[in-house]
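Student: Need the 3D shape of this:
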Amino acid sequence: MRRKKDDARYNVVCMRVSETEMESLQKIMKRTRKSVTELMREALRLYASSITT
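Tutor: Numbers count the residues shown, from 1 in each chain. Next comes the predicted model:
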């Protein structure tokens with residue numbers, strides 16, 4: 001049996017966005033050369049740090 005890595009990511013979050021929101025995401029992705037996953041993780045970190053400080 002395989003052993004789970006401590007830093008592995010096993011949780012999946014799905015979300016629906018409007019056309020406008022998707023266009024914004026695509027522009028940001030193109031400008032930053034980051035994936036949607038990277039952008040969402042960064043946004044979550046920023047939001048979490050802003051409400052916990």
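Student: For burial, what's the neighbour tally of residue 8?
Tutor: For residue 8, the neighbour count with other C-beta atoms under 10 Å is 7. No exception for glycine: its C-beta is placed from N, CA and C like everyone else's.
Student: so which helix or strand takes in it?
Tutor: Assigned by DSSP states H and E, residue 8 falls within no helix or strand.
Student: Likewise for the one 4 residues further on?
Tutor: Secondary structure assigned from DSSP H and E places residue 12 in neither a helix nor a strand.
Student: now it: how far from residue 23?
Tutor: As for residue 12, its distance to residue 23 is 24 Å (criterion: C-beta to C-beta, to the nearest Å).
Student: Between those two, which has more neighbouring residues?
Tutor: residue 23 (11 against 5).
Student: export the strand or helix carrying the more buried one as CSV, just CAs?
Tutor: Element membership for residue 23 (DSSP H and E) is helix 19-32. What follows is helix 19-32, C-alpha atoms only, in CSV (Å, rounded to 0.1, in the frame of the first residue of the first chain):
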residue,chain,number,x,y,z
GLU,A,19,-18.4,34.9,-18.0
THR,A,20,-17.0,38.2,-16.7
GLU,A,21,-15.2,36.5,-13.8
MET,A,22,-13.7,33.9,-16.2
GLU,A,23,-12.5,36.6,-18.5
SER,A,24,-10.9,38.4,-15.6
LEU,A,25,-9.2,35.1,-14.5
GLN,A,26,-8.0,34.5,-18.1
LYS,A,27,-6.5,38.0,-18.3
ILE,A,28,-4.7,37.5,-15.0
MET,A,29,-3.5,34.1,-16.0
LYS,A,30,-2.0,35.4,-19.2
ARG,A,31,-0.4,38.4,-17.5
THR,A,32,1.1,36.4,-14.6
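Student: Many thanks, I have nothing further to ask.
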